[in-house]
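Visitor: I'd like to go over a predicted model; first the sequence, then the structure.
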Amino acid sequence: MKTEDPRSGASRPLSVLIAGGGTAGHIEPALATADALRRLYPDVRITALGTARGLETTLIPARGYDLELIPAVPLPRKPSMDLVRLPGRMRSAVRRTREIMAEREVDVVIGFGGYVCLPAYLAARKRCPVVVHEANARAGLANKVGARFADAVAAAVPDSGLTGARVIGIPVRESITTLDRQALRGEARAFFGLDPDAPTVLVYGGSQGAARINEATFGAAADFAAAGVGVLHAYGKKNSPVELPPADPAYVAVPYLDRMDLAYAAADLVLGRSGAMTVAEIGAVGLPAVYIPLPHGNGEQRLNASAQVAAGAAIVIDDADLTREVVRDKVIGIVADPDRLAAMVARAGEKATAHADEVLATMAAGLVRRSGGAV
């Protein structure tokens, strides 16, 4: 796809700015959409926007995309010095974003929420089309503001709080949506050093890990071994591992999972938080889950999991209730019961939305066409 340079009249590749930093929950749908743009428009120029604080400094360059950094602008919810500094920080971030947009000749901005998005939305206002995507069941502050003047608004689920949002699901990378878990199971378990035949639980508390999940699951290590269940446990880079005695089946603990496709292929059940991206990926690959919603925020993690729970593919346990005994009775109780596990597997994936990445990519390109940029 080509666009017309308004100054010279010459055609050039479509230029897209994607904004979604901080956590993997914001970054992964942004990258999945970037991948879809490349598939659909091979000559597209993609620039990712972030700050030095977030995981984007690692994840985005690793996926082969250019990353431009702007000053971080915390959005405090309570009176603090950050609130006093907010106007000056925002002006600085918007100014730098506009410089990047001019340098990269940006035609459209796609935002996915998080603190890096609000400067992007404000910088793009009345300069180029803006697309907002909300992954969570309840929209965050940046997306609520951006949606007021965006040219297109999309959401993962109905009733996100963004008026007029088109419900498309969450963009999930192609390596996940096309994953054949059964075909990759042997390779995946060998990759992580897991037992090739034992039922296996993937424990994943999000990109930062989860202290409550770590404590309860590490505490149940002997119970997993006694039940003949293997474990692949990503405990988070910021957390300290626990020295576990050798177990059969293996209990494999790692700080971070770079190959989530193989992690999903190795697993029979997932135990973890119910962030929007995690729930979307688990649904896409058809895994049953035990979700432990983050107890903070506005309750969106429980809502994220509600469709899979209603379908019978998942259960929810409150964070405060998660103990070694609960892991033993409920988590191991599911994975060690072939009939119950099979029933949950049969229902898993029913609520997944396919091709949200390409839908969002074509929405953005369509706005450029309608604004007169496409030739």
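Guide: Looks like it came in fine. Residues are numbered from 1 along each chain as shown.
Visitor: where's D319 relative to Q301, distance?
Guide: Counting by Cβ to Cβ, to the nearest Å, the gap from D319 to Q301 is 9 Å. (C-beta placed from N, C-alpha, C; glycine too.)
Visitor: which of the two has more residues huddled nearby?
Guide: A direct count of neighbours by other Cβ atoms under 10 Å for D319 and Q301 places Q301 higher, at 26 against 17.
Visitor: centre of the chain to the strand or helix carrying that one, how far?
Guide: Q301 belongs to helix 300-304 when assigned by DSSP states H and E. In terms of Cα atoms, centre = their mean, to the nearest Å, the centre of helix 300-304 is found 14 Å from the chain centre.
Visitor: check stretch 282-292 too.
Guide: For stretch 282-292, the distance to the chain centre is 14 Å (Cα atoms, centre = their mean).
Visitor: scan this structure for its longest helix.
Guide: helix 81-104 (DSSP state H).
Visitor: and the next helix or strand after that helix, what does it pack onto?
Guide: Sequence order places strand 108-111 as the next helix or strand after helix 81-104, per DSSP H and E. Counting contacts by 3 or more Cβ pairs under 8 Å, 6 or more residues apart in numbering; DSSP states H and E, strand 108-111 is packed against strand 15-19, helix 117-124, strand 130-134, helix 141-147, helix 356-370.
Visitor: I'd like the ones you listed written out as CSV, with mean pLDDT added.
Guide: What follows is these, written out as CSV (pLDDT from 0 to 100):
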stretch, mean pLDDT
strand 15-19, 97
helix 117-124, 96
strand 130-134, 97
helix 141-147, 93
helix 356-370, 93
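Visitor: how about the ones you listed, which one is nearest P249?
Guide: Judged by Cβ to Cβ, the one of those that comes nearest to P249 is helix 356-370, at 35.4 Å.
Visitor: contacts made by that closest one with the rest, please.
Guide: 1, 3, 14, 16, 29, 32-33, 35-37, 39-41, 107-108, 110, 129, 131, 133, 151-152, 154, 156, 166, 168-174, 374 (Cβ atoms under 8 Å, 6 or more residues apart in numbering).
Visitor: contacts only, for L202.
Guide: 232-234, 263-264, 266-267, 269-272, 287.
Visitor: please redo it, this time with the cut-off set to 10 Å
Guide: Contact partners of L202, counting by Cβ atoms under 10 Å, 6 or more residues apart in numbering, are 192, 194, 230-234, 257, 260, 263-272, 282, 287, 289.
Visitor: hmm, back to that, for the helix or strand just after the helix holding Q301, packing partners?
Guide: The helix or strand immediately downstream of helix 300-304 is helix 306-311, counting by DSSP H and E. Contact here means 3 or more Cβ pairs under 10 Å, 6 or more residues apart in numbering; DSSP states H and E; on that basis helix 306-311 packs against helix 276-285, strand 289-291, strand 314-316, helix 338-347.
Visitor: could you report the pLDDT at I170?
Guide: Per-residue pLDDT puts I170 at 93.
Visitor: what about the closest residue to it other than its chain neighbours, distance to E243?
Guide: Spatial nearest neighbour of I170, chain neighbours left out: A280 (3.8 Å); criterion: Cβ to Cβ, 6 or more residues apart in numbering. Shown here: A280 relative to E243, a distance of 34 Å by Cβ to Cβ.
Visitor: please apply the same query to V327.
Guide: From V327 over to E243 the distance is 19 Å, taken as Cβ to Cβ.
Visitor: which ones among the contacts of L202 map onto helices?
Guide: Those of the contacts of L202 lying in helices (DSSP H): 192, 260, 263-266, 282.
Visitor: most neighbours of all those, which one?
Guide: Highest neighbour count within the ones in helices among the contacts of L202: I282, with 29 neighbours (other Cβ under 10 Å).
Visitor: list the contacts for that residue?
Guide: I282 neighbours (Cβ under 10 Å, 6+ apart): 176, 202, 204, 264, 267, 269-270, 272, 274, 288-289, 291, 305, 308, 313-314, 348-349, 352.
Visitor: that'll do, ta.
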